[in-house]
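[1] Got a predicted structure here, sequence first:
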Amino acid sequence: GAVVSQHPSWVICKSGTSVKIECRSLDFQATTMFWYRQFPKQSLMLMATSNEGSKATYEQGVEKDKFLINHASLTLSTLTVTSAHPEDSSFYICSARAPSLGNSPLHFGNGTRLTVT
Amino acid sequence: SQQGEEDPQALSIQEGENATMNCSYKTSINNLQWYRQNSGRGLVHLILIRSNEREKHSGRLRVTLDTSKKSSSLLITASRAADTASYFCATDEADSWGKFQFGAGTQVVVTP
């Protein structure tokens, strides 16, 4: 089945630094990937849609200068949390959809636990 | 914004019992999907039901979809301790292919 790899699985950083999270589709090409944020015991909030070769589409309320998304190839999307602050601490999850005519599931990475101190 | 509302928020049952959770949504959809998440992990796809389908089975899972009421249910029969997880419904919105919206989730605990 389709596999999505997300790295790192956890990261601790100091306030003011930037953190990059990678999301790779290992056995399929993904023209579109999605980035979600999840707070403890809550649902997934869609942050942005990452499109290969073009700019990401951000959801309302998500700062695009804060959360930089780059989708440089058909198998890799990166999310960079710039100048991280403690309130950015969260669980970030990426997903991708294998190419099909539609009605296909999302395949998720295992998430990245970000802690900003 | 979150599309789906799920209930119950939490469910505690014993092994062997059935677990039922519901999901409601607001917009037209292409399909509705159910996912499972173990604590601190990514989501695993369980089952997909298309907008023109009313019921679907997969092993111990049974999903129903009522598009007139904009609701879906997930039934897990003969539950096992390993079914302990959070379950989310996700809707594939009709005017935005691939842009899924997730429900609030139901936390299920199955005790031996």
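    Received, thanks. Residues are numbered from 1 along each chain as shown, chains lettered A, B, ... in the order given.

[2] What residues sit buried inside the helix or strand of chain B with the lowest mean pLDDT?
    The weakest-scoring helix or strand in chain B, judged by mean pLDDT, DSSP states H and E, is strand B:5-7 (a mean of 80). Within strand B:5-7, the residues that qualify as buried by neighbour count (16 or more other Cβ atoms under 10 Å in any protein chain shown) are B:Glu6. Quick note: C-beta positions are derived from backbone N, CA and C, even for glycine.

[3] Can you tell me the strand partners of that strand and which way each runs?
    Strands that pair with strand B:5-7, judged by DSSP bridges, come out as strand B:19-24 (antiparallel).

[4] can you give me the mean pLDDT across the strand it pairs with?
    The average pLDDT within strand B:19-24 is 95.

[5] Any buried residues in that strand, and which?
    B:19, B:21-24.

[6] Same question for stretch A:107-117.
    A:107-114, A:116.

[7] For chain A, just list every one of the strands.
    Using DSSP state E, the strands of chain A run over A:4-7, A:10-13, A:19-25, A:32-38, A:44-51, A:57-58, A:67-73, A:76-81, A:90-97, A:106-108, A:112-116.

[8] who touches the last one?
    Looking back up the chat, that one is strand A:112-116. For strand A:112-116, the surrounding residues in contact (Cβ atoms under 8 Å, 6 or more residues apart in numbering or on different chains) are A:6-15, A:19, A:21, A:81, A:84-93, B:40.

[9] go on, the second one?
    Taking contacts as Cβ under 8 Å, 6+ apart, the residues outside strand A:10-13 that touch it are A:19, A:21, A:84, A:112-117.

[10] go on, the fourth one?
    By Cβ under 8 Å, 6+ apart, the list of residues contacting strand A:32-38 from outside reads A:23, A:25, A:44-52, A:67, A:69, A:71, A:77, A:79, A:90-97, A:106, A:111, B:98-100, B:102.

[11] mind exporting it as PDB, just the C-alpha atoms?
    Presented in PDB, the C-alpha positions along strand A:32-38 are these (Å, rounded to 0.1, in the frame of the first residue of the first chain):
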ATOM      1  CA  THR A  32      -0.800  17.300  -3.700                       C
ATOM      2  CA  MET A  33       0.100  16.900   0.000                       C
ATOM      3  CA  PHE A  34      -1.700  18.200   3.000                       C
ATOM      4  CA  TRP A  35      -0.400  19.500   6.300                       C
ATOM      5  CA  TYR A  36      -2.400  19.300   9.500                       C
ATOM      6  CA  ARG A  37      -1.900  20.400  13.000                       C
ATOM      7  CA  GLN A  38      -3.400  18.600  16.000                       C
END
